[in-house]
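K.L.:
need coordinates for the following:
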Amino acid sequence: MQEIKVDRQAAEESLAALGVRDWPIWTKEASIFPWTYDSSETCYFLTGEVIVTPDGGAPVPMGKGDLVTFPAGMSCAWEIRQAVRKHYKFE
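P.N.:
Numbers count the residues shown, from 1 in each chain. Next up, the predicted model:
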């Protein structure tokens, strides 16, 4: 199983190189829901606190300042503990 990759408190240079600030923004209130990634997603959390638990895997905490990549084909559960605002890009 592919893993979620988390770059904690990503450097501004890394974000600029990826063009993160030009990506669309997604927002969601505190909630719990299942999700399956049809394609790989990279996102950068502007606000929020989340725990994503891959099916059959360990919970992965993430939140404000983190650059995260979710692998294509992964099914998981999202637990949004504090409302999320993030830039995102599917590949």
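
K.L.:
so what sits opposite E41 in the bridge?
P.N.:
F70, F90 (DSSP bridges).

K.L.:
for the protein, which spans come out with low pLDDT?
P.N.:
The model of the chain has pLDDT under 70 over residues 1.

K.L.:
make it 90
P.N.:
Applying pLDDT under 90 to the chain flags the ranges 1-2.

K.L.:
show me where it has its helices.
P.N.:
Here the chain has its helices, by DSSP state H, at 12-18.

K.L.:
any idea which residue of it is furthest from its center?
P.N.:
Within the chain, E13 marks the point farthest from the mean C-alpha position, 18.9 Å out by C-alpha atoms, centre = their mean.

K.L.:
ranges for the strands of this structure?
P.N.:
For the chain, the strands defined by DSSP state E cover 5-7, 25-28, 31-36, 41-54, 60-63, 67-70, 75-90.

K.L.:
which strands or helices does the fifth one pack on?
P.N.:
In terms of contact count using 3 or more C-beta pairs under 8 Å, 6 or more residues apart in numbering; DSSP states H and E, strand 60-63 is assigned the packing partners strand 41-54. (C-beta placed from N, C-alpha, C; glycine too.)

K.L.:
swap in 10 Å and give it another go.
P.N.:
strand 5-7, strand 41-54, strand 67-70, strand 75-90 (3 or more C-beta pairs under 10 Å, 6 or more residues apart in numbering; DSSP states H and E).

K.L.:
hmm, who's touching it?
P.N.:
Contact partners of strand 60-63, identified using C-beta atoms under 10 Å, 6 or more residues apart in numbering, comprise 3-8, 43, 45-54, 68, 70, 76, 79-82, 84, 86.

K.L.:
quick one: contacts of stretch 83-91?
P.N.:
Under the criterion C-beta under 10 Å, 6+ apart, residues 15, 18-31, 37-50, 62-64, 66-70, 72, 78 lie in contact with stretch 83-91.

K.L.:
equivalent analysis for stretch 21-30, please.
P.N.:
Under the contact criterion C-beta under 10 Å, 6+ apart, stretch 21-30 has outside partners 12, 15, 41-44, 46-50, 78-90.

K.L.:
that'll do, ta.
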